[in-house]
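A.B. asks: Here is the input, now give the coordinates:
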Amino acid sequence: MSAHDIDQSLVQLRQAMRLCFEYQQSMLSVAYYIKNKLHFPRLTGWQHYSKSLYDGGTLRLRTWAWNFLPSFFFDYHLDSRSFEKQGLYVKASLLQLSDDGCYVSDFYDRPGSVNEHGCPQPSAFEPSENSNSWLTFVFDVSKKENQFDFWLKKGPDGDYKSLLKDLFITHRGQDQQVFIYGSLDNGEMIIAQKFKLQHFVDQAGTDAAVKTFCDVVQEKTGLDLLA
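C.D. replies: Down below sits the predicted model:
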């Protein structure tokens, strides 16, 4: 590679870093906007897929380069709301998946899918043009105040990973699809709906997506989240 090629690659790197900054700044604005629109008290979050670089105060560098990009798959927790009149309690998250190229059923059968540490490698992802980016609403509605569960660990097989598999592998690529797990007759229901990030490029699109999801919640539970 020539010096000119290296210079051009570094220009592209700087452009990509600035684009990532603008992207994540926009996603933060969307997350806070939705939190306020749905009247949840606070917004917290943590990364999924990537791992923390810190382990007991020590910086871990020999794991996976994607750990430096925790917003690859980020979970915004909207905290909880109590609807005393209906006797219902809601916990909610927004899942920001920036690239679902790793969520293909044959990923681990592909050559070079993981490195020597078992970390998934982007070289084995589905091509970028065949992949999607998502913001998924996940609501856990129950008839009592269950113990707070950061990961909303429910789903087809009773755990959070099975929920992600169902959302992003089994039903990959289906925009605005609604997922229902459990039932209020049995005390608890999870309602999820995933939207391509294109829906959130402006306030009008965000409002439309929020209303679409709130209509589903009202149909299934009787709760008016926008009230």
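A.B. asks: Would you map the helices across the chain?
C.D. replies: Residue ranges of the helices in the chain, as given by DSSP state H, are 3-37, 160-165, 203-221.
A.B. asks: Just tell me which of those ends up closest to Glu116.
C.D. replies: When the helices of the chain are compared for distance to Glu116 using C-beta to C-beta, the nearest one is helix 160-165, at 23.0 Å. Quick note: C-beta positions are derived from backbone N, CA and C, even for glycine.
A.B. asks: average pLDDT across stretch 175-187?
C.D. replies: The average of the pLDDT scores along stretch 175-187 is 89.
A.B. asks: Give me the buried positions along it.
C.D. replies: Neighbour counts using 16 or more other C-beta atoms under 10 Å place 178-179, 181-182, 184 of stretch 175-187 among the buried residues.
A.B. asks: cool, stretch 213-223 as well?
C.D. replies: By neighbour count on 16+ other C-beta under 10 Å, the buried set for stretch 213-223 is 213-214, 216-217, 220-221, 223.
A.B. asks: which among those gets closest to Lys51?
C.D. replies: Distance to Lys51, by C-beta to C-beta, is smallest for Phe213 among the buried residues of stretch 213-223, at 29.7 Å.
A.B. asks: my guess is Pro111 contacts Gln121, does it?
C.D. replies: No. Using C-beta atoms under 8 Å as the test, Pro111 is too far from Gln121 to be in contact (9.9 Å).
A.B. asks: Starting from Val210, give me the distance back to Trp46.
C.D. replies: Distance, Trp46 to Val210, by C-beta to C-beta, to the nearest Å: 23 Å.
A.B. asks: So which of these two has more stuff around it?
C.D. replies: When Trp46 and Val210 are compared on other C-beta atoms under 10 Å, the one with more neighbours turns out to be Val210, at 21 against 13.
A.B. asks: what residues are up against the more buried one?
C.D. replies: The contact partners of Val210, taken as C-beta atoms under 8 Å, 6 or more residues apart in numbering, are 34, 37-38, 226.
A.B. asks: between those, which is closest to Leu97?
C.D. replies: Closest approach to Leu97 among the contacts of Val210 (C-beta to C-beta): Ile34, at 15.8 Å.
A.B. asks: That closest one contacts Ser93, doesn't it?
C.D. replies: No. The pair Ile34 / Ser93 is not scored as a contact, 10.9 Å apart, by C-beta under 8 Å.
A.B. asks: quick one: low-confidence ranges for the protein?
C.D. replies: Where the chain drops to pLDDT under 70, the residues are 56, 63, 145-159.
A.B. asks: ok, now how distant is the closest residue to Phe107 other than its chain neighbours from Ser133?
C.D. replies: Take Phe107 and drop its neighbours on the chain: the residue closest to it by C-beta to C-beta, 6 or more residues apart in numbering is Ser113, 5.7 Å away. Going from Ser113 to Ser133 by C-beta to C-beta gives 21 Å.
A.B. asks: rewinding a little: how about the helices of the chain, which one is nearest Phe139?
C.D. replies: helix 203-221 (6.2 Å).
A.B. asks: That's all I had, so thanks and see you.
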